[in-house]
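Participant: Got a sequence here, can you model it:
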Amino acid sequence: MKKIITLDVLKNNYGNQKKIEFPQGTIVTPEARIWAKNQGIELLVDNEYLDLSVNSNYSNDKTSKVVVSVIGLDKVGIIAGVSQVLAQHGVNILDISQTTLQGLFVMITIVDIANCTVSFEQLKTILDQKGEELGVKINAQHEDVFKYMHRI
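Facilitator: The predicted model follows:
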């Protein structure tokens, strides 16, 4: 099973170290990488230094897939609003599923952020703002984190 190092885990458990080594297969989220870079912390996975640039890929297997979920009261324009934000920032929609249940709108989208023109954190902020505008909750998580959190 892969170990996932999030920003909170890094801050709370490793914050005062300048060089941190993780075992093979460990995934370090972009948010954690950015924070480590800003703190001058070196991160190693299986004795190899991680790329701490903002646009570096999410994990060692170079995945760039993100799960975007949208939940709220159904109304016209939700899909259009979310897809417009994604398109404006170079995010490719790979798969999309949506339904309405007794007036509640639910959408799950798998997107590719490899060519995204903003950082993942900025994209999440923009999606949050669009969600407020549309009256829905929009959440974006890297696919590996989503799978890890929802494993049986």
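Participant: who touches the lengthiest helix in the chain?
Facilitator: Counting residues, the longest helix found in the chain (DSSP state H) is helix 120-134. Identification of contacts with helix 120-134 by CB atoms under 8 Å, 6 or more residues apart in numbering yields 30-31, 34, 58, 66, 68, 70, 72, 75, 77-78, 81-82, 85, 89, 91, 113, 116, 118, 137-138, 140, 142. Every residue, glycine included, has its C-beta placed from N, CA and C.
Participant: What's the first helix or strand after that helix?
Facilitator: Once helix 120-134 ends, the next helix or strand along the chain (criterion: DSSP states H and E) is strand 136-142.
Participant: Parallel or antiparallel, which strands does that following strand pair with?
Facilitator: Using DSSP bridges, the strands paired with strand 136-142 are strand 65-73 (antiparallel).
Participant: Near K18, how many residues? Count them for me, please.
Facilitator: Other residues lying near K18 total 10 when counted by other CB atoms under 10 Å.
Participant: how's this protein carved up into domains?
Facilitator: Domain assignment for the chain, taken from automatic domain parsing, gives 4-49, 65-149.
Participant: In TSV: those domains, plus mean pLDDT.
Facilitator: Below are the domains of the chain laid out as TSV (pLDDT from 0 to 100):
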stretch	mean pLDDT
domain 4-49	79
domain 65-149	91
